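> Below is the sequence, then the predicted model.
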Amino acid sequence: MNDIEQLKAAMRRFEQMINTADDALAEELVASDAPFFTPASPEPLFGGQGYLSVVRWMRIGFSDVQWKAEEMVAEGNTVAVRWTLTGTHDGEFLGHPATGRSVRCSVMNFYRFNEAGKIVSDIAAEGMIGILRGIGLVG
C-alpha cells in the first residue's frame, strides 16, 4: 500500500486509536509483529496491543493525555507526523509523583506501512530529550 491519501487516512484513524485506546483499531492498523521501543519497557513491545500498552502507560501519569496530528507528510510507504501532545501530570510518571502541571509538547514520528496497509514501525525523533537522556539529566 503506498497511496498517499490512504496512508494519511490510516494515520487519522491511528490518531483516534491512540486517543481512545481502541483495541479493535489497534489490531486493524498495526501489524502483529511490529516492534516498538519505548522507555515503558526494556524489551520491544509488539503489535497493536504492544502499542496500546505504551498509551496505557502514559495514561498512568497523564490520565487526560491526547495526541493531535498537526501535520503529515507522506512518501512511498512512510508517513511523518508532527504531533502535539497535551495532558496533566496527575499520576506517577517515570518515578516522579504527580505535580498537577499541564504539559504541551511537539513530537515527531515516522511510521512505515507494509503492503497490507498496517504500521510495521514507528520511529520517534527524540531531539532535545535524547541529549538530556544522554547526559543523564533525564531518565
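Sure thing, it's come through. Numbering: from 1, shown residues only.

> now the strands: where do they sit in the chain?
When assigned using DSSP state E, the strands of the chain occupy the ranges 35-38, 41-46, 66-75, 78-88, 102-113, 119-125.

> who does the fourth one touch, helix- and strand-wise?
Okay, so that is strand 78-88. With contacts taken as 3 or more CB pairs under 8 Å, 6 or more residues apart in numbering; DSSP states H and E, strand 78-88 sits against helix 4-20, strand 66-75, strand 102-113. For the C-beta atoms, the positions are set from N, CA and C on the backbone; glycine is no exception.

> How far away from the center of its chain is stretch 101-115?
Centroid separation for stretch 101-115 versus its chain: 5 Å, with CA atoms, centre = their mean, to the nearest Å.

> tell me the mean pLDDT for that stretch?
Stretch 101-115 comes out with an average pLDDT of 91.

> Below-threshold pLDDT in this structure: ranges please.
Confidence mapping of the chain against pLDDT under 70 gives the ranges 1-2, 126-139.

> Now with 90, please.
Low-confidence regions of the chain, defined here as pLDDT under 90, cover residues 1-3, 36-44, 54, 93-97, 99, 101-107, 123-139.

> re earlier: save the helices and strands packed on strand 78-88 as TSV, and put in mean neighbour count too.
Putting the helices and strands packed on strand 78-88 into TSV (neighbours: other CB atoms under 10 Å) gives the following:
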stretch	mean neighbour count
helix 4-20	16
strand 66-75	14
strand 102-113	15
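
> Redo the ones you listed as JSON lines? Include distance to residue 30.
Compiled in JSON lines, the helices and strands packed on strand 78-88 are given as follows (distance: least, CB to CB, whole Å):
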{"stretch": "helix 4-20", "distance to residue 30": "8"}
{"stretch": "strand 66-75", "distance to residue 30": "15"}
{"stretch": "strand 102-113", "distance to residue 30": "10"}
